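1. sequence plus the predicted model coming up.
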4 protein chains.
Amino acid sequence: MAIGGDGTFTGLHVFYEEFGVPSICIPGTIDNDLAGTDYTIGFDTATNTAVDAIDKIRDTAISHNRLFFIEVMGRNSGYIAINCGIAGGAVATIIPEESMTLDELFAKLDEGGKTNKKSSLVVVAEGSKIGGALELAKKFSERNNYFDIKVTILGHLQRGGTPTYFDRVLASKMGVGAVEGLIQGNHSSMVGIRNNQIVYNNFETIINSRHEIDTESLRIAKILSI
Amino acid sequence: MAIGGDGTFTGLHVFYEEFGVPSICIPGTIDNDLAGTDYTIGFDTATNTAVDAIDKIRDTAISHNRLFFIEVMGRNSGYIAINCGIAGGAVATIIPEESMTLDELFAKLDEGGKTNKKSSLVVVAEGSKIGGALELAKKFSERNNYFDIKVTILGHLQRGGTPTYFDRVLASKMGVGAVEGLIQGNHSSMVGIRNNQIVYNNFETIINSRHEIDTESLRIAKILSI
Amino acid sequence: MAIGGDGTFTGLHVFYEEFGVPSICIPGTIDNDLAGTDYTIGFDTATNTAVDAIDKIRDTAISHNRLFFIEVMGRNSGYIAINCGIAGGAVATIIPEESMTLDELFAKLDEGGKTNKKSSLVVVAEGSKIGGALELAKKFSERNNYFDIKVTILGHLQRGGTPTYFDRVLASKMGVGAVEGLIQGNHSSMVGIRNNQIVYNNFETIINSRHEIDTESLRIAKILSI
Amino acid sequence: MAIGGDGTFTGLHVFYEEFGVPSICIPGTIDNDLAGTDYTIGFDTATNTAVDAIDKIRDTAISHNRLFFIEVMGRNSGYIAINCGIAGGAVATIIPEESMTLDELFAKLDEGGKTNKKSSLVVVAEGSKIGGALELAKKFSERNNYFDIKVTILGHLQRGGTPTYFDRVLASKMGVGAVEGLIQGNHSSMVGIRNNQIVYNNFETIINSRHEIDTESLRIAKILSI
């Protein structure tokens, strides 16, 4: 029994294939990018930590008329970023899966700047295809004279902290599910939660696919950022 | 458009029946006891607030060998309590829907006390059928000489605080859902979220039924409290 | 070397008197009531925890027009209470050392109620001479029809939680001070901090006196509660 | 009456000199670098915010054997940094006023790395004379093969958040002090707190001097980082 992400699972799968050691996995990664489960353990805590940090930054954004580029975790997945964007009231959220082009982003920011809008936040996932927070800030500052631009990179800050109730209950349910799965002979599988039910997924399926970003969240983020 | 619980909905329904005023509701109550939605707005925040308080209490429980009765909100619903019980590692959780008898509870506590077990926590929902935290503590203290017994009543503490990312994203999705529902003619209904999808529920259905406690959570709480 | 309050110190003193065991103490109690030091370790953390709880309660006080009686720790000392009262914007703070009479308190609350004032908070130290939060609430509710009255008893919640930077730095300074004091031969004494300087106090002085409440804080609390 | 730092004070002073407008100032800056007061409003909150962030980072440092360079605010003053260093258990703290040389820092880190020590944290004030967190990390990574090196820049995160009880009580005392000072004719001065007493400082003194870093804190930080 192990807790982890893609790498852990691949290792355990090899172990089973070659030596026949039965194992069952619990999805533990803050990125929420594993197939076969609506939520991974750690995602809820990490997202709340990031939103709490964004709230603190926004406190100063309101009083000083600034533009903040805030980089959150998510090398291949925009789950944390899109939820931070909605919860933090971002003017734009840049994720690896899909994003506005640099021109679209700048056009949107220009608009806010020229109309003397309140300070703005742009949430950028680590895995942004159009550049990280530092790079985006640098590029935009070269053509903007409306905003005082600041960058924050949350980094490993998002990996620590006391787990939320959601992550603890999820871990408890998955832990019980893993033990019961092993007893029932669900070897070489990953426990998941789908529509609030414990499910078992074949390792190969998990390793070869991924948890696509929720299109409804993308849609909501766009509607609210207008 | 209104945010609220049972009372709010009943009022709006009357308004619609008598005056034909179309309306759509968003479920906002920390108790998570409304039918037609997996989650109500405020539940995630309130449960995290309660668990955070329980963590602080448990810090002292560990160092002082005590028995704590902690009363959390939930007059008719054990949702907050059962999740606090799992997340806080309670030896027992007393909810309105179903609970051990007084004798079963005391037998369980006796067992812990006699074997010189670490300090214990009992989470009690407001609507406990076998007595509130104060009453249970009083009754148990009359027959126990193992534990130093303490009571905490969280009360309205659970209704305040900054919302979690989950509640903010839920509110955003439901808010968009409500506007779109009105446009589509879903009058006199409540927006809900079921299996991560926005759904619309008829007022009468909501008012006349309730969100039953999740039996899987009850089962997990029992397994973990052994 | 020991960390504790009055009880701990008395024990160590006996130990030294009878057996000649040299010892030095560090003042660790959330009550801040030890003579010979401006601050005891734990006071800053406990007061912040209480103020954080009061903030959450006040969130609901504002929206529901209520009167809250909030009981905080302090059996013999009003330090936590008076600082909570100032920081939380209480209409009155009841401490063991000095307090308004029941009549004065009720007159003040009546005034707020009749003029349709916003919701109010009364902070009550455990050691209140005119009754605890529950008792005060009961007595006032019998003669008031303005407010919806609620009680919260924070209890041991205030003893847990992650220490603040202030308490950590204080503990570090006192810890170093204790070691250096022992080396210098300051036996049977308590390390303290006075005007930001480490000082050594004789045990007997500490045991036979107490840290009186800061009169400036009392004055400020009165000015701000008008 | 105004709240602010050096810049604000200079402006008000000119205003008084040229137009005779009487004014009194309250020291509000997170840097705690103003002469004439032991504490400025905001410093306690900002330091707790930074320490909370450092705690979260250290959670991951323990499990992954890493070296973290964490940059905190303080362009001219090491107050936040030195208190973060003590409270966060840093192996070294780099401040503008005084710091180890690059060679001394690297020697210290090498020592930890070679003896297979637990993960380490270096706290770096913005105004470090030997380079910011990014630069120090880059330089050290070129000669080290012991640690996995990570950088976090807290930035404006430290300027937001709910104020601590200490800052609220300090602001209340200073606010009352400012009003009373004006009534008493203490024009063109800054309210301060020295040894827990409200004091009034002449503008010119404040503008022309600064709050030197507390040497006892420097000494403690060095003792604890061995």
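-> Sure, I can see it.
2. going by residue numbers, what spans are helices in chain A?
-> Per DSSP state H, chain A carries helices over the ranges A:6-19, A:43-64, A:79-88, A:102-114, A:133-141, A:165-183, A:203-208, A:215-224.
3. okay if I get these as a markdown table plus distance to residue B:33 and mean pLDDT?
-> Bear in mind the C-beta positions are built from the backbone N, C-alpha and C, glycine included. Below are the helices of chain A laid out as a markdown table (distance: least, C-beta to C-beta, whole Å; pLDDT from 0 to 100):
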| stretch | distance to residue B:33 | mean pLDDT |
| --- | --- | --- |
| helix A:6-19 | 38 | 71 |
| helix A:43-64 | 22 | 88 |
| helix A:79-88 | 24 | 96 |
| helix A:102-114 | 41 | 85 |
| helix A:133-141 | 42 | 93 |
| helix A:165-183 | 17 | 94 |
| helix A:203-208 | 35 | 81 |
| helix A:215-224 | 25 | 91 |
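4. most packed of the ones you listed?
-> Comparing the helices of chain A by mean neighbour count (mean count of other C-beta atoms under 10 Å in any protein chain shown), helix A:79-88 ranks first with a mean of 29.
5. name the surrounding residues that touch that helix.
-> By C-beta atoms under 8 Å, 6 or more residues apart in numbering or on different chains, the surrounding residues in contact with helix A:79-88 are A:30-33, A:43, A:46-47, A:50-51, A:54-55, A:58, A:70, A:72-74, A:90, A:92-95, A:121, A:123-125, A:158, A:211, A:213-214, A:217-218, A:220-221, A:224-225, B:165, B:168-169, B:172.
6. ditto for stretch A:177-194
-> Stretch A:177-194 is contacted from outside by A:1, A:9, A:12-13, A:16, A:22-27, A:34, A:36-39, A:170, A:173-174, A:198-203, A:206, using C-beta under 8 Å, 6+ apart.
7. ok, and which of those reach chain D?
-> Contacts with chain D are made by none of the contacts of stretch A:177-194, judged by C-beta under 8 Å from any C-beta of the partner chain.
8. where do the domain boundaries of chain A fall?
-> Chain A breaks down by automatic domain parsing into domains covering A:2-42+A:163-208, A:44-160.
9. for the last one, measure first residue to last.
-> By that I understand domain A:44-160. Using C-alpha to C-alpha, to the nearest Å, one end of domain A:44-160 lies 12 Å from the other.
10. and that domain, how far out from the chain middle?
-> Chain-centre distance of domain A:44-160: 14 Å, with C-alpha atoms, centre = their mean, to the nearest Å.
11. picking that back up, filter the contacts of helix A:79-88 by proximity to chain D?
-> Checking the contacts of helix A:79-88 against chain D (C-beta under 8 Å from any C-beta), the matches are A:55, A:58, A:158.
12. out of the helices of chain A, the one nearest residue D:5 is which?
-> With C-beta to C-beta as the criterion, residue D:5 lies closest to helix A:43-64 of the helices of chain A, at 14.0 Å.
13. do the closest one and chain C meet at all?
-> No: Helix A:43-64 does not reach chain C (C-beta under 8 Å from any C-beta); its nearest approach is 13.5 Å.
14. so that helix versus helix B:165-183, what angle?
-> Calculated by axes from the mean of the first three to the mean of the last three C-alpha atoms, to 10 degrees, helix A:43-64 forms an angle of 80 degrees with helix B:165-183.
15. and helix A:43-64, what other elements does it pack with?
-> Here helix A:43-64 touches strand A:66-72, helix A:79-88, strand A:120-125, strand A:148-153, helix A:165-183, helix B:165-183, helix D:43-64, going by 3 or more C-beta pairs under 8 Å, 6 or more residues apart in numbering or on different chains; DSSP states H and E.
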